[in-house]
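Peer 1: Give me a model of this one.
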Amino acid sequence: SSTAVGLVSHENRGLDTNRSPLSATNTMASPGGKQPFWQDREHGTVATFRISNKSSSPVHLQDTVTASETDPLLVEIHGNANSANADPASGGGDPHKHKLGQLLATSISGNDITASVLYVTGVCMYYAGFWAPLCLFLVSFVVLYLFRSIYSEVVTALPVNGGTYTVLLNTTSKSVASLAAGLTLISYVATSVVSASVAVHYLKQVWTGLNEPAGTSILLLLFALLSYFGIKDSARVAATIFLVHMLVMVILVVDCCDTAIKDNFNLLQENYRVRNDFANYPTGQALFFGFASAMLGISGFETSSNYVEEQKPGVFPKTLRNMWLCVGILNPLIGFLGLCTVPLDQLMGHDGVPNDTPLQDMARQQWLKNLVSVDAFLVLAGSVLTSYVGFTGLAVRLAMDRVLPAYLAVKNRLFGSYHVVIFAFCLLCLSLYFITNRNTLILSSVYTMAFLCVMTLFGVGNLILKYKRSRIRRDTRAKVWVVVLAVISVVMAVAGTVLLNKNTLIFFVLYYGVTLVIMGVMFQRVRLLQLILRGLAHKEVIDSAELLEKIPGVRGRVARWCAQVIKEIVNSPCVFLLKDCDIQTMNKAVQYVKANELTDRLVFVHVHSPYESSALPQYQAEAAVLQRIYPKMRIDTYFVESDEAFDGILVQKIASELDIPPSRFFMSCPSDAFPFDIAQLGGVRLITH
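Peer 2: Numbers count the residues shown, from 1 in each chain. Predicted coordinates:
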């Protein structure tokens, strides 16, 4: 819905009527030059908004404003009365009209998780030998069943895109959530490299003259170009690939069953007899390492939580169930049928290298071998594209949350794509592919470690959610012992992955370390810029804009640039939506902002009906107390008078007027009686109990 906004101008404030009151106050200078000029720390503004749905006509400027000690501003916003029922994407009608149903939502994440059978079978066979089907069953059926309820509880409580990053951002600190985001980014890189490498390896079985390193590089570059030109995941294309892939797997299973029955399961018995002759480890270690490597087979399970906002209500738990059934049946069944149709030594690989194409070896007829190879190439190539889309979405979200550099969120003018992120991701994938010398075991281990760390943090996030956000409504509640058992199983798998290939830790730490350094610089960039500024000029100079302007040459230009960047960062405000006048809650909000956000400005916004204005002076008084307690913070108080219900539409109107994205809006954890999902508020963050 469109809104027209008018502002009242005060001579002593010097407000620009073409700007929001918040951005207008950025022009204020500190008195006497005693404070650094980039910090606006005068007494907080108090403003009153009126939001009405009675008219959509432009708003006239108010003629009078009640003056007070704090110079309150009066702003009136008119909107469309039917805006609450309109779908922004369609212009009206059913808001769920364009959201994903069960098949389409399952297909996107299902391609990722069911594609894993193409490479996890060989890796698990290499470590576990004859016991690989058992390991695949324990992971794909048992462990994944535990995580079904964990993911369902978290995402139904916080139905917002972002997966692990979102749950930790709403339950812990921003820095902890960023650690999880870094792991997710590394997981996307490893996913793309493994998928591209194995896809080309399968294609080589049909196109024998194909050069694998060149083919893998071209595939990664091709999807970078496709993403650059604005071609993204299509749910219908994903559904087609998913259904074709499952059909091919069914054909392969039927063919293998026919072969095993005709052979009277003699090869299975022979493989059992020689199980110790080709074993790389004793039985106990084989089971442990096989369990760890089989975790690669459930990678992609977390994907559905990254686009939950695009799914229809109630679809997300169904996607978890569908993925669990697919891999819980397919992965151990393929492992078992492999033992029935292929000699054990061939399944396990040769010369310390696992079999990369075990499913092709299981097919007896050449046409089926070719079909499996082409299917593997298509579904794995789809996983590469999904990785590009997932990495780009998360990186842009982190850039908007000021965790990664802001230029990552710059769109290409021609195609509307995030070109910096796309080509940076491509370079990361190519570097990982060649720095590991194209070793499938190392690549798979890096992939497994990143993915398992994300799963572990998601389980931990579930436990924190139970404690710190216990009041929020959710459709499912996972039992504590289920969460603890799932987390322990994943931690054991991480330990097994490290023990299997210690070189994996080197590459994992290298890439994750670089990610953390970038994030660390972003979190500390104000202090770093201040150090640079103080190295260029004396403290007395940088505390005065006039003296800073007089510094000559390059040194002066750099100093002024640093000062301007610092000013922009610390004057970028956050908003806390305040329901009740509780100074303890308000104090927690101030402390959270000080600890997690690079800003010196916090705006308390209280929404009230036209008949509930008697308590407003109390809000103003409590904010004044906090202003005295935190003199380095600028604390503003805005009152929004509205006859509308508090919902996402109202939040969007407030965000539009203040010119602050909803991702920088915070609120207390609502109770289970709260009538809306958090996602409907447009990305508002929960920061207090």
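
Peer 1: ok now stretch 433-448, how far from the chain's centre?
Peer 2: How far stretch 433-448 lies from its chain's middle: 24 Å, per C-alpha atoms, centre = their mean, to the nearest Å.

Peer 1: Span of it from start to end?
Peer 2: End-to-end distance for stretch 433-448, by C-alpha to C-alpha, to the nearest Å: 15 Å.

Peer 1: So which residues make contact with it?
Peer 2: 119, 123, 126, 186-187, 190-191, 193-194, 196-198, 212-213, 216-217, 220, 292-293, 295-296, 299, 353-354, 356, 432, 493, 497, 500-501, 503-504, 507-508, 511 (C-beta atoms under 8 Å, 6 or more residues apart in numbering). Using the backbone N, CA and C atoms, a C-beta is placed for each residue, glycine as well.

Peer 1: Next step: those restricted to helices.
Peer 2: 119, 123, 126, 186-187, 190-191, 193-194, 196-198, 212-213, 216-217, 220, 292-293, 432, 493, 497, 500, 503-504, 507-508, 511 (DSSP state H).

Peer 1: The contacts of stretch 433-448, buried ones only, as a PyMOL selection?
Peer 2: For the buried members of those, the matching PyMOL selection, counting by 16 or more other C-beta atoms under 10 Å, is:
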select buried, resi 119+123+126+186+187+190+191+193+194+196+197+198+216+217+220+292+293+295+296+299+354+356+432+493+497+500+501+504+507+508+511
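
Peer 1: which residues are in contact with the helix or strand encompassing residue 104?
Peer 2: Using DSSP states H and E, residue 104 falls within helix 102-115. Residues outside helix 102-115 that contact it (C-beta under 8 Å, 6+ apart) are 100, 191, 195, 233, 235-236, 238-239, 241-243, 245-246, 249, 297-301, 303-304, 307, 310-312, 315-316, 318-319, 322-323, 326-327, 330, 376, 379-380, 382-383, 386.

Peer 1: Let me see the mean pLDDT of stretch 290-303.
Peer 2: Per-region confidence: stretch 290-303 scores 87 on mean pLDDT.

Peer 1: now stretch 429-442
Peer 2: Here stretch 429-442 scores 85 as its mean pLDDT.

Peer 1: and what of stretch 138-155?
Peer 2: In this model, stretch 138-155 has a mean pLDDT of 93.

Peer 1: what about it, distance to the chain center?
Peer 2: With C-alpha atoms, centre = their mean, you get 19 Å for stretch 138-155.

Peer 1: Quick one: list the elements packing against the biggest helix by length in the chain.
Peer 2: Counting by DSSP H, the longest helix found in the chain is helix 366-400. Secondary-structure packing of helix 366-400 (3 or more C-beta pairs under 8 Å, 6 or more residues apart in numbering; DSSP states H and E): helix 102-115, helix 117-128, helix 164-169, helix 174-204, helix 212-228, helix 235-262, helix 358-362, helix 419-435.

Peer 1: can I get these in TSV with distance to residue 147?
Peer 2: Listed next are the helices and strands packed on helix 366-400 as TSV, based on distance: least, C-beta to C-beta, whole Å:
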stretch	distance to residue 147
helix 102-115	12
helix 117-128	17
helix 164-169	12
helix 174-204	15
helix 212-228	29
helix 235-262	21
helix 358-362	25
helix 419-435	26
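
Peer 1: These: which one's closest to residue 335?
Peer 2: helix 117-128 (5.8 Å; C-beta to C-beta).

Peer 1: Could you point out the helix or strand that follows the closest one?
Peer 2: Of the helices and strands lying after helix 117-128 in sequence (DSSP H and E), the nearest is helix 132-137.

Peer 1: what's downstream of that following helix, the next helix or strand?
Peer 2: Next along from helix 132-137, by DSSP H and E: helix 144-157.

Peer 1: Would you agree residue 101 is in contact with residue 314?
Peer 2: No - at 10.3 Å, residue 101 does not count as touching residue 314 under the criterion of C-beta atoms under 8 Å.

Peer 1: And the residue nearest the centre of the chain, how close does it get to residue 407?
Peer 2: In the chain, the centroid-proximal residue (C-alpha atoms, centre = their mean) is residue 162; its distance is 2.9 Å. In this view, residue 162 and residue 407 are 21 Å apart by C-beta to C-beta, to the nearest Å.

Peer 1: quick one: contacts for residue 650?
Peer 2: 51, 607, 640, 642, 644.

Peer 1: Need the three-state assignment for it.
Peer 2: Following DSSP: H, G, I helix; E, B strand; the rest coil, the label given to residue 650 is helix.

Peer 1: neighbours around residue 276, how many?
Peer 2: Neighbour count of residue 276, defined by other C-beta atoms under 10 Å: 12.

Peer 1: Pass me the low-pLDDT residue ranges in the stretch 551-689 of the chain, would you?
Peer 2: Low-confidence segments of the stretch 551-689 of the chain (pLDDT under 70): 613-614.

Peer 1: Helices of that one, start to end?
Peer 2: 553-570, 583-596, 616-629, 648-658 (DSSP state H, counting those that start in this stretch).

Peer 1: Of those, flag the one that's most buried.
Peer 2: Among the helices of the stretch 551-689 of the chain, helix 648-658 has the highest mean neighbour count (mean count of other C-beta atoms under 10 Å), at a mean of 21.

Peer 1: ok, residue 610 to residue 603 distance?
Peer 2: 22 Å.

Peer 1: Mind checking which of those two has more residues around it?
Peer 2: The neighbour count for residue 610 versus residue 603, taken as other C-beta under 10 Å, is higher for residue 603 (26 against 10).

Peer 1: wait, doesn't that one sit right on residue 573?
Peer 2: Yes - contact between residue 603 and residue 573 holds when scored by C-beta under 8 Å: they sit 5.4 Å apart.

Peer 1: dump the residue contacts of residue 119.
Peer 2: Applying C-beta under 8 Å, 6+ apart, we find residue 119 in contact with 194, 198, 296, 356, 440, 444.

Peer 1: The last one: neighbouring residues, count only.
Peer 2: Burial of residue 444, expressed as a neighbour count using other C-beta under 10 Å, amounts to 28.

Peer 1: Return the distance of the strand or helix carrying it from the chain's centre.
Peer 2: Using DSSP H and E, residue 444 falls within helix 440-468. The chain centroid and the centroid of helix 440-468 are separated by 13 Å under C-alpha atoms, centre = their mean.

Peer 1: before we move on, what about stretch 629-637?
Peer 2: Put simply, stretch 629-637 sits 32 Å off its chain's centre (C-alpha atoms, centre = their mean).
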